[in-house]
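**Student:** have a look; sequence and predicted model below, questions after that.
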Amino acid sequence: QVQLVESGGGLVQAGGSLRLSCVASGNIFSIRDMRWYRQAQGKQRELVASVTNIGNTNYGDSVKGRFTISRDNSKNTMYLQMNSLKPEDTDVYYCNADIVSTTTMRWGAYWGQGTQVTVSS
């Protein structure tokens, strides 16, 4: 079984910073792209940033220049450094990854449980 677990969310004032982590564990054979999404209640899930297994990155327009995505393949871990946070960044942030598990030997999309980020004005 494969699990993704996020951590690092919390409450921060506008202009502050947070660093999210996502650790993939379990029966992992290979990890391809990893992504951060966010979703507020009643809204569609939004892609925040993505990173390939060789480190190529992509960002949503609303976070460019403020957020940085990275990963440590040796630890099966992805990070999201969030700077200059704004109240509109308040959301639940989800980790997503394309993973081949050793049990299926097929690509599958896995999700974490989400971590709440709240930015106060």
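**Tutor:** Perfect, I can see it now.
**Student:** give the contact list for A40.
**Tutor:** Shown in contact with A40 (CB atoms under 8 Å, 6 or more residues apart in numbering): T90, D91, V92. C-beta: built from backbone N, CA, C; applies to glycine.
**Student:** just send those back as JSON lines, with pLDDT too.
**Tutor:** What follows is the contacts of A40, written out as JSON lines (pLDDT from 0 to 100):
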{"residue": "T90", "pLDDT": "96"}
{"residue": "D91", "pLDDT": "96"}
{"residue": "V92", "pLDDT": "97"}
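**Student:** sort out for me which of those are in strands.
**Tutor:** Mapping the contacts of A40 onto strands (DSSP state E) picks out D91, V92.
**Student:** got JSON lines for the contacts of A40, with neighbour count and distance to I28 too?
**Tutor:** Output for the contacts of A40, formatted as JSON lines (neighbours: other CB atoms under 10 Å; distance: CB to CB, whole Å):
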{"residue": "T90", "neighbour count": "17", "distance to I28": "32"}
{"residue": "D91", "neighbour count": "22", "distance to I28": "27"}
{"residue": "V92", "neighbour count": "18", "distance to I28": "24"}
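**Student:** going by distance to G114, which of the contacts of A40 wins?
**Tutor:** The closest of the contacts of A40 to G114 turns out to be V92 (CB to CB; 4.3 Å).
**Student:** show me what that closest one is bridged to.
**Tutor:** Q39, Q116 (DSSP bridges).
**Student:** contacts only, for it.
**Tutor:** Contacts for V92 (CB under 8 Å, 6+ apart) come out as R38, Q39, A40, G114, T115, Q116, V117.
**Student:** give me that answer again for 6 Å
**Tutor:** Q39, G114, Q116 (CB atoms under 6 Å, 6 or more residues apart in numbering).
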